[in-house]
Every structure is written in structure tokens, then in C-alpha cells.
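S.K.: Below is the structure, and that's it, no one-letter string:
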């Protein structure tokens, strides 16, 4: 069977403290038959890290384009050091069709560990990728400048959830659209002008937190809404009629990852790993509950398999109060990282878990 979805991740050796936890969650929740492409910087350190930690994944190495010398000067006064590296991530995502050949490409980050199964219905509604967004409330700026720099009105934020799934065939015309919007001859030139305009808007905003963040995911979603609306399934929280979304387009969808963008900066590596394991724990318990698995040990789950290697697990599963999970998840994400939406729990239903077992890890359990 031809793989349907490729998971695309752009990272670098500087995120090595996040990689192991993300990889463990990937092994648990991403279908084994769907490819994963991890793109690193083309450096000696990145190559060494990829060789030791990314075995089994498709790995590519990417050199920065000539335009990147301008990115460094544009981003030099950003609140974050080396923000030009973040810019290259966005540039790389626009070009993911160069390294992925499946019909659909799902974008995520290594600071967004999976905590629920990437079952096909969670990513696609029939043959349409699900696009998750939410209306930004007054006082929440998010990626406003990223959209206004393109001459568009900002109202909905599409960085709401990962992974972000698109049709591969839509990436090339999206690059052409960006060039047209920025009046540039090439995509690389357009991307640089976009960064410059984002910076101009951010500096002139009067805000103390100057972000300088471009967002491929937001820009792409705004173009898809205008040019490919019927090819995608839209799920926009808090949308009203004036936002241009129908009642069916405000329905909720499952959020499969926890985007720990705040936690990764505030927690030591060991504490960060503990947080990820805590997020994964309820899913593993449900897997055991719903599938009536009585084994005392689990293999093929990587380092997280030790979570089941004791008698405490059986007692935990037997006493687990499913209704209490929402509060527990909120406690775990107290650092301000994005909390899973309530609808994520639909993924735990027997059908999705059975699908995962049949397709992905049917031999992972030993009685």
C-alpha cells in the first residue's frame, strides 16, 4: 500500500534536549507505515546527532539559501537569539514537497509530542485534510504581523494545533502566491521581504514583546481558505458569522499533540521529559483498558515501555476515572503551553485504538 501521509519535521542539533521525548511519542502514536522526514541543518554537529538519534527515520540535511544572510540581520534584534534559524524553519516548510512524495504532508515540531493516536480519521475527513484554527480574542496578538505583512486581515490563528496537514500539490502554488503578494521574482526574495515587513509591523506595534515571528502555517492556511477552500475540512473554534465560517466549519476536531513551546524554555531536560511522559501516561492506560490487555510487560515501545513494567499499572488502569482527565491534563500543562482541547478525548474511543493496534503495533504486547 502506498503511504498516504508524510510527517515533516524541521529541527537542528540545538533542539537535541527535546528530540528523545518527541521521538518516543512518535514511536507510540504515529503509524509505522507512514514515513517521517526530519530535516536538519547541514552541519557536522547536526549530521553526528542525526546518525545517533534519528536512526530509522528519513533524514535530510539542508543548507541555508543565499538570502539567509539577510535574515540574520533582519532578525538580529529579536527577543530571541538566532531567530534567523526560526525563519529557516518556515522557509523549509514551504519547500517540504522537495523531500516528501506522499499525497499529504503533516507538519509538526519537536516541541510538540504526540499524546494521542494519529489515526487517519483524526487527520483527514474523507479525503480532505482537517485544518484547525481558533479566533484570536482582543489583546491576543499571536501571529498578527505575519498575516498583516501579506496585506490580509488577521482574525483566525491557525497555529492552534499540530500536526498541520496539507495536500502536497498545494505547496508549489502557495510559494507562487507568496511571491505575488510580496511583488518578488522568486520565492526566496518574497520570503525575505515578508520577514522585513513582519519586523516593520512588530517594531511599530508598541508592544514590549517583539516577536518577529513569520508563520508558514498561518500564511498557508489563509491562502488555502481563499484558493482551496473546498479541498479542506475546516474546524475553527469561537468563529462567528462575520469571520466567514459556516456552522459546520466551527465544529471541533481532535488535537493530537501538546505544543510545549513555553515548557521547553522553562524546564530542565529531565523535567521536560517527565512532563512528556505524564502526558503520554493516560493514553497508554486507555490503550490497555479499551483493548482488554492483561500483560505485565510491553516491548517495542522504546524507553516509555518501562511505564508498564510494574504491578502499579494494572491498579492504575483499573481505577482510572476517565472523567478526571481534563483536570489532570490542565495541571500538567500549567506552564502556559497549549492545552489539549476537550475533543481530543474522542481519539481514545475503541475504534481509533483498535485501528492503531491493527495497523501499527499489533505485536507490541506480551501476556
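M.R.: It's in. What you are looking at is a predicted structure, and each value in this text was computed from that prediction instead of being measured.

S.K.: and the gap between residue 50 and residue 109?
M.R.: Separation of residue 50 from residue 109 (CB to CB, to the nearest Å): 17 Å. C-beta: built from backbone N, CA, C; applies to glycine.

S.K.: shaky segments in the stretch 101-250 of the chain?
M.R.: With pLDDT under 70 as the threshold, the stretch 101-250 of the chain has low-confidence stretches at 137-142, 204-212, 241-242.

S.K.: show me where it has helices.
M.R.: 120-123, 144-148, 171-181, 187-203, 216-227 (DSSP state H, counting those that start in this stretch).

S.K.: Out of those, which is the most enclosed?
M.R.: For these, the largest average neighbour count (mean count of other CB atoms under 10 Å) is found in helix 144-148, namely a mean of 23.

S.K.: From the contact counts, what lies against that one?
M.R.: helix 187-203, helix 216-227 (3 or more CB pairs under 8 Å, 6 or more residues apart in numbering; DSSP states H and E).

S.K.: and if we set it to 6 Å?
M.R.: Judged by 3 or more CB pairs under 6 Å, 6 or more residues apart in numbering; DSSP states H and E, the packing partners of helix 144-148 are helix 187-203.

S.K.: buried sites along stretch 97-108?
M.R.: Judged by neighbour count (16 or more other CB atoms under 10 Å), stretch 97-108 contains these buried residues: 97, 99, 100, 102, 103, 104, 105, 106, 107, 108.

S.K.: Please tabulate those in JSON lines, including the columns distance to residue 174.
M.R.: JSON lines is the format used below for those (distance: CB to CB, whole Å):
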{"residue": "97", "distance to residue 174": "10"}
{"residue": "99", "distance to residue 174": "16"}
{"residue": "100", "distance to residue 174": "15"}
{"residue": "102", "distance to residue 174": "17"}
{"residue": "103", "distance to residue 174": "16"}
{"residue": "104", "distance to residue 174": "14"}
{"residue": "105", "distance to residue 174": "12"}
{"residue": "106", "distance to residue 174": "16"}
{"residue": "107", "distance to residue 174": "13"}
{"residue": "108", "distance to residue 174": "18"}
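
S.K.: farthest-separated two in the residues you listed?
M.R.: Comparing all pairs in those by CB to CB, the longest separation belongs to 103 and 108, at 17.6 Å.

S.K.: could you point out the longest strand in this structure?
M.R.: If each strand of the chain is counted by residues according to DSSP state E, the longest one is strand 128-135.

S.K.: what are the pairing partners of that one, and which direction each?
M.R.: Taking DSSP bridges as the criterion, strand 128-135 pairs within the sheet with strand 124-125 (antiparallel), strand 156-157 (antiparallel), strand 233-237 (parallel).

S.K.: any idea which helix or strand comes after the last one?
M.R.: Right, strand 233-237. Past strand 233-237, further along toward the C-terminus, the next helix or strand under DSSP states H and E is helix 263-266.

S.K.: quick one: average pLDDT of that following helix?
M.R.: For helix 263-266, the mean per-residue pLDDT is 72.

S.K.: ditto for stretch 6-22
M.R.: 93.

S.K.: List the buried residues in that stretch.
M.R.: Neighbour-count burial for stretch 6-22, counted by 16+ other CB under 10 Å, picks out 6-13, 15-16, 18-22.

S.K.: Go through those residues and name the one nearest residue 279.
M.R.: Nearest to residue 279 out of those is residue 21 (CB to CB; 9.5 Å).
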